[in-house]
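# I'd like to go over a predicted model; first the sequence, then the structure.
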Amino acid sequence: MPVVKIVSGGQTGADQGGLAAGLTLGIATGGWAPRGWRTERGPMESELRALGLKEHPARGYPPRTRANIVGSNGTLLIGNTASPGSRLTLRAAASLGKPTFTLLATYFPRDLSSHVPAFQGWLKHYDVRVLNVAGNRESVAPGIAKATHDFLVEALG
């Protein structure tokens, strides 16, 4: 079965690139945003609601990160995995027994297409239907939103 939904926390960068790929491909989008609809650009309530996200009732980023992992079958993590958010994502996925596909990249734009076959195999192996997309924010990794979008459009299209 193909991926039927893409979820994320709505942050700039990889999160929003994943949601944009869902829109491009006609795949449902959603997930949990942090309380206050926080992003590095400020609150984005109307934009994130339009993409199917809900506001998490708890403060901070960790509760929404965990909720998106719980609500998915697997997580695609793109970017520098040493960042605090990426480490949190990896720990939460491991503690919940959820698979993670990690694309380590620190420079964008970067063509990630060489990883498409491995990612497609991972999706099939774990029967991932609801995909959580996580990774660095745009200010930390300029170009990551587009790279994430393009990778997912190629892999899922």
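Great, that's in hand.
# Mind checking which residue lies nearest the centre of the protein?
Nearest to the mean C-alpha position of the chain, by CA atoms, centre = their mean, lies residue 133 at 1.5 Å.
# which ones are touching it?
6-8, 14-15, 17-19, 21, 75-76, 78, 148, 152 (CB atoms under 8 Å, 6 or more residues apart in numbering). For the C-beta atoms, the positions are set from N, CA and C on the backbone; glycine is no exception.
# TSV for the residues you listed, including distance to residue 141 and pLDDT?
Shown next, in TSV, are the contacts of residue 133 (distance: CB to CB, whole Å; pLDDT from 0 to 100):
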residue	distance to residue 141	pLDDT
6	19	99
7	20	99
8	15	99
14	8	98
15	12	98
17	10	98
18	14	99
19	17	99
21	17	99
75	17	99
76	15	99
78	8	97
148	10	97
152	16	98
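# Out of the residues you listed, which comes closest to residue 114?
residue 78 (13.9 Å; CB to CB).
# Could you grab the helix/strand/coil label for the closest one?
When classified by DSSP: H, G, I helix; E, B strand; the rest coil, residue 78 comes out as strand.
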